[in-house]
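S.K.: fold the following.
(chains A, B and C)
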Amino acid sequence: MSEFLISARGLTKKFGDFVAVNGIDFDVRKGESFGLLGPNGAGKSTTMRIIGATSQRDAGTITILGKDPEKHGPQIRAHLGVVPQQDSLDMQLTVVENLYIYGRYFGLPRKFVKGKIEELLTFAQLEEKRDAKVETLSGGMKRRLTIARALVSEPEILMLDEPTTGLDPQARHILWDRLFRLKEQGVTLVITTHFMDEAEQLCDRLIVMDKGNIMAEGSPASLIKDYSTKEVLEVRFGSDRNQEVADKLRSMCERTEELPDRILMYTEDGETLLEQIYAADLHPKTSLVRRSSLEDVFLRLTGRTLIE
Amino acid sequence: MFIPMAVAIAEARIGKRGERFYSGRVPQLLERGFIAFRSSTWMIVLSGFVEPVLYLLSFGYGIGKLLPTIESGGHTIKYAAFIAPALLATSAMNGAIYDSTMNVFFKLNHDRIYHGMLATSMGPLDVALGEIGWALLRGFSYACAFMAVVAPLGLIESIWGLLAIPAAVLIAFGFASVGMAITSYLTSFQQLEVINIFLLPMFLFSGSFYPLSVFPQWLQFVANLLPLTHAINLVRGLCLGNLSFSLLGHALYFVIMIICGLFFTTKRLNALFMK
Amino acid sequence: MSIVNIRQGSTRLVDTKKVHLRGALYVAEARTRAMMKWFWMILAIAVANPALYLISVGIGLGGLIDKNVGSAGIDGVKYLTFLAPALLAQAAIQSAMDETVYPTIEGFKWYKVFYSMNSTPLSGGQISLGVFLTALFRTVYTVILYFLVMWFFGALDSPRAWLAIPTAIFAGVSFGALMQAVAAKLENENIFFVVLGRFIMMPLFLFSGTFFPLTSMPFFLQWIGWISPLWHATELGRYLTYGHEISSSMVLIHFAVLITMLVAGLYLSARIFTKRLAK
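M.R.: Okay, the predicted model is just below:
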């Protein structure tokens, strides 16, 4: 077997005239945490479903653990743990029953699944909710249960589609912590997200997707280094003045991006730039200096923001 | 090299017939039905049994006073004995339709349970057969309960009436397969209501309460196309002991419904989840 | 640049006195608009339902019964004439129930529209009354259509038959008001729908002397008729349409039961609405 668990070449998927995935190439190595970053509609979920053998490609090749999903759907799905974007928990059942029956869907023996449940409850921090109906769980708990459920078959690859969308900040951090532990244990993670902080926290390597194409590939740090400056200065002049000031600001730094409510200025040294602005007798209402992020990489590559 | 158990189980099915659609997991899906059933409300469970009994009490007793006997298949029989088989067939239909429309629609579009199921090494035919199988188990127990009420009342005229129970299961199977196939194509709750709109005329015009011969020829012809008419004729023929080859014809109608229903359900689930 | 004008201010714009007087009508307007999306569905049910029952039970089964009982008839008339007032009342009860129960559960639980109505100057009592008025409107509409279909099928051979219209509407909204109060109290609607369908609506339909005189039921089942708005309306309807014999004290009792249901239903519903919205 090659060093790659997943290998795609020229992968294409169309829905009628709409090209959802446009001939992309990527490889996922064993044990790495691989991310697909992009806005809604970039083709991330479609790519995930093709890997998950629940959607068939229109062109190109893809192998998952050396198998072709077109021919060996059930065998490939046996290798994967899938955490879909929208919860698909069994609302008629309790937490424990959900874990149990999901294991049974893989054909696993009762005894094995029952033993596994305790381990999964502890991992998902749901011991106290074991006999609760799923309906009564919070969003974060439901998502942790879905992850625990995906682990019941001891999969080699865990697929997470927008794992923290819709969760509050605290619930997100608990979830990231759980995923980080899995990563430490050597589980291969494939994650889609439109949150740059999530991609930076969790991914070793990622592809930036937009409109079905791969725009860039690399580690979060290398992408920022290649496509952005070290720091960013964000300034606001009020909704009616941003436009007129923008022309003056453009000559003061490497690059600017004008957003509806603020102007981003790319530079190696944000504080110094801010002093220059004041010196030029321009007085922003608010200002903020921060490090460059994947959001800036995406803005540079596509001219658009990740969250629209 | 270490091979996870789930993978070994899936690999063992390679080369089997229809391996991409079916993984032999119907027992596991029935197990799910049973686990969910354990925590269901007894009122809901009881309600499926109550319906035919109420109709029998009302029509059998009340109308029975206005119309004590009726002609069927050349015999004169008690009115209650005439409608009892029809009520058994109708309740088999209603139970199967409820399980395969409302229930399936919610699992498909609201709770997305099938999405979860099909992310495992199961296939769409497992899901279709499992869901329908559970509906049949329920239909079987309701049929037994109803027979346990009507037989002591002397409303089953023939020993062949015992076969009415498997006949009710066959009827439930037919309606459940077709119901699930139709539901899998629906996208909104309102479309589901349309199914209910068809059920009332079917109930009223399939000879439940009197022989179809009172109707003009053209209406009899239309009524004979309805599946419930065949269901009622099949169960009534068995309960009254009026055996003939036409009973096989009625049964065949349901075999065809089952085959078509399963075919389209699997096809649709495959298109929804595997394309 | 888009700007939202806030020049006059709500104190000047909103006439609270007017809202106090007409609030229920505003709610009824919103509900009626929502209902009108189903206009064709409601129309189809209002026309098809009586036609199907009349042909199947009235003519099909009725033909056999008429032949069997001979010239004496049921209660002195043809089976179809006997059945018609009952079906009319049943249709009224069903449509009033549909238009109170589902919107109430929708408003409190599914879409929670009542809470946003309540965040305007509208009160719980006004919302409750508004829902009821919409149900009244739909019931009147359904009953009139139903009546026309019956007339078309020759089910009404008495010149006084139209008198069954007001009694049917009366029974429908009385029951609707009571069920609205029950629906407003509900926490778990899934079980309720099964109970409502199989343990309330169906027994009422089957044991209220709808298809045969109530007295032909065994004594231990006749009580269902006594608490059933359907039976009271049907008896009144039969009395008015073909002169079914009832004593004047029974007429009073029938009216008294229906009025009690209506008043209790409206009062309880307004109270439960107000309480639940304030929770």
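
S.K.: count the neighbours of C:Leu196 for me.
M.R.: C:Leu196 has 17 neighbours, counted by other CB atoms under 10 Å in any protein chain shown. The way it works is simple: take the backbone N, C-alpha and C, and place the C-beta from them, glycine included.

S.K.: report the contact partners of B:Gly95.
M.R.: B:Gly48, B:Ala135, B:Arg138, B:Gly139, B:Tyr142, B:Ala172 (CB atoms under 8 Å, 6 or more residues apart in numbering or on different chains).

S.K.: let's see it at 10 Å
M.R.: Listed by CB atoms under 10 Å, 6 or more residues apart in numbering or on different chains, the contact partners of B:Gly95 are B:47-49, B:51-52, B:135-136, B:138-139, B:141-143, B:168, B:171-172, B:175-176.

S.K.: same question, B:Ser158
M.R.: B:Ala164, B:Gly237, B:Leu238, B:Cys239, B:Leu240, B:Gly241, B:Asn242, B:Leu243.

S.K.: returning to that earlier point: the contacts of B:Gly95: which ones sit near chain C?
M.R.: Near chain C, judged by CB under 10 Å from any CB of the partner chain, the entries from those are B:Ser47, B:Gly48, B:Phe49, B:Glu51.

S.K.: before we move on, back to that, save the contacts of B:Ser158 as a markdown table, and put in neighbour count too.
M.R.: What follows is those, written out as a markdown table (neighbours: other CB atoms under 10 Å in any protein chain shown):
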| residue | neighbour count |
| --- | --- |
| B:Ala164 | 28 |
| B:Gly237 | 23 |
| B:Leu238 | 26 |
| B:Cys239 | 29 |
| B:Leu240 | 21 |
| B:Gly241 | 14 |
| B:Asn242 | 18 |
| B:Leu243 | 13 |
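
S.K.: in ChimeraX, how would I select just the buried ones from the contacts of B:Gly95?
M.R.: To isolate the buried members of the contacts of B:Gly95 in ChimeraX, using 16 or more other CB atoms under 10 Å in any protein chain shown:
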select /B:47,48,49,51,52,135,136,138,139,142,143,168,171,172,175,176
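
S.K.: centre of the chain to stretch C:31-38, how far?
M.R.: Its chain's C-alpha centre and that of stretch C:31-38 lie 17 Å apart, by CA atoms, centre = their mean, to the nearest Å.

S.K.: got it, and stretch B:162-178?
M.R.: When C-alpha coordinates are averaged (CA atoms, centre = their mean), stretch B:162-178 and its chain have centres 6 Å apart.

S.K.: and the pLDDT at residue 113?
M.R.: I went with chain A, as the question did not name one. The score at A:Val113 is 92. That number is its pLDDT.

S.K.: let me rephrase: I mean chain C.
M.R.: For C:Val113, the model assigns a pLDDT of 87.

S.K.: now swap in B:Phe2 and tell me
M.R.: According to the prediction, B:Phe2 has pLDDT 64.

S.K.: residues near residue 106, how many?
M.R.: Just so you know, I chose chain A. Counted with other CB under 10 Å, the neighbours of A:Phe106 add up to 27.

S.K.: think we crossed wires, I meant chain C
M.R.: Using other CB under 10 Å, C:Glu106 is surrounded by 17 other residues.

S.K.: on the three-state scheme, it is what?
M.R.: helix (DSSP: H, G, I helix; E, B strand; the rest coil).

S.K.: which one of the ones next to chain C among the contacts of B:Gly95 sits closest to C:Ala44?
M.R.: B:Glu51 (24.6 Å; CB to CB).

S.K.: near chain A, anything from the host helix or strand of that closest one?
M.R.: B:Glu51 belongs to helix B:42-55 when assigned by DSSP states H and E. No - Helix B:42-55 does not reach chain A (CB under 10 Å from any CB); its nearest approach is 11.8 Å.

S.K.: now do the buried residues in the very next helix or strand once past that helix.
M.R.: Using DSSP H and E, the next helix or strand after helix B:42-55 towards the C-terminus is helix B:64-66. Residues B:Gly64, B:Leu66 are the ones in helix B:64-66 that count as buried (16+ other CB under 10 Å).

S.K.: the helices in the stretch 101-250 of chain A, which residues?
M.R.: Assigned by DSSP state H, counting those that start in this stretch, the helices in the stretch 101-250 of chain A fall at A:110-123, A:139-150, A:169-184, A:196-202, A:220-227, A:242-250.

S.K.: quick revisit: possible to save the contacts of B:Ser158 as TSV with distance to B:Leu272, secondary structure and pLDDT?
M.R.: Shown next, in TSV, are the contacts of B:Ser158 (distance: CB to CB, whole Å; DSSP: H, G, I helix; E, B strand; the rest coil; pLDDT from 0 to 100):
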residue	distance to B:Leu272	secondary structure	pLDDT
B:Ala164	37	helix	91
B:Gly237	39	helix	91
B:Leu238	38	helix	92
B:Cys239	41	helix	91
B:Leu240	44	helix	88
B:Gly241	46	coil	85
B:Asn242	44	coil	84
B:Leu243	43	coil	83
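
S.K.: out of these, which is nearest to chain C?
M.R.: When these are ranked by distance to chain C (CB to the nearest CB), B:Leu240 comes first, at 17.9 Å.

S.K.: against B:Ser244, how distant is the closest residue to the closest one other than its chain neighbours?
M.R.: In space, and not counting its chain neighbours, B:Leu240 is closest to B:Glu157: 5.0 Å by CB to CB, 6 or more residues apart in numbering or on different chains. Distance of B:Glu157 to B:Ser244, given as CB to CB, to the nearest Å: 15 Å.

S.K.: pick out whichever of those two has more residues nearby.
M.R.: Per other CB under 10 Å, whichever of B:Glu157 and B:Ser244 has more neighbours is B:Glu157, with 18 against 9.

S.K.: who's in contact with B:Arg20?
M.R.: With the criterion set at CB under 10 Å, 6+ apart, B:Arg20 makes contact with A:53, A:70-75, B:13, B:123-125, B:270, B:274.

S.K.: please tell me how far it sits from B:Asn233.
M.R.: 39 Å.

S.K.: all strands for the stretch 51-200 of chain B, in order.
M.R.: Assigned by DSSP state E, counting those that start in this stretch, the strands in the stretch 51-200 of chain B fall at B:69-72, B:75-78.

S.K.: hey, which of the ones you listed is tucked in deepest?
M.R.: strand B:69-72 (a mean of 17; mean count of other CB atoms under 10 Å in any protein chain shown).

S.K.: which helices and strands sit right next to that strand?
M.R.: strand B:75-78, helix B:79-98, helix B:227-240, helix C:62-69 (3 or more CB pairs under 10 Å, 6 or more residues apart in numbering or on different chains; DSSP states H and E).

S.K.: between these, which one is closest to A:Ser239.
M.R.: Nearest to A:Ser239 among the helices and strands packed on strand B:69-72 is helix B:79-98; the distance by CB to CB comes to 56.3 Å.

S.K.: next, the angle from the closest one to helix B:227-240.
M.R.: Between helix B:79-98 and helix B:227-240, the angle comes out at 140 degrees (axes from the mean of the first three to the mean of the last three CA atoms, to 10 degrees).

S.K.: let's see helix B:79-98 as PDB, backbone CA atoms only.
M.R.: Taking Å, rounded to 0.1, in the frame of the first residue of the first chain, the C-alpha atoms of helix B:79-98 are listed here in PDB:
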ATOM      1  CA  TYR B  79     -73.600  -8.200   8.900                       C
ATOM      2  CA  ALA B  80     -70.800  -8.100  11.500                       C
ATOM      3  CA  ALA B  81     -69.200 -11.200   9.900                       C
ATOM      4  CA  PHE B  82     -69.300  -9.400   6.600                       C
ATOM      5  CA  ILE B  83     -67.500  -6.300   7.700                       C
ATOM      6  CA  ALA B  84     -65.000  -7.900  10.200                       C
ATOM      7  CA  PRO B  85     -62.600  -9.200   7.400                       C
ATOM      8  CA  ALA B  86     -62.800  -5.800   5.700                       C
ATOM      9  CA  LEU B  87     -61.800  -4.100   8.900                       C
ATOM     10  CA  LEU B  88     -58.900  -6.400   9.300                       C
ATOM     11  CA  ALA B  89     -57.600  -5.700   5.800                       C
ATOM     12  CA  THR B  90     -58.200  -1.900   6.200                       C
ATOM     13  CA  SER B  91     -56.300  -1.800   9.500                       C
ATOM     14  CA  ALA B  92     -53.400  -3.700   7.900                       C
ATOM     15  CA  MET B  93     -53.400  -1.000   5.200                       C
ATOM     16  CA  ASN B  94     -53.600   1.900   7.600                       C
ATOM     17  CA  GLY B  95     -50.800   0.700   9.900                       C
ATOM     18  CA  ALA B  96     -48.500   0.000   6.900                       C
ATOM     19  CA  ILE B  97     -49.300   3.300   5.300                       C
ATOM     20  CA  TYR B  98     -48.600   5.200   8.600                       C
END
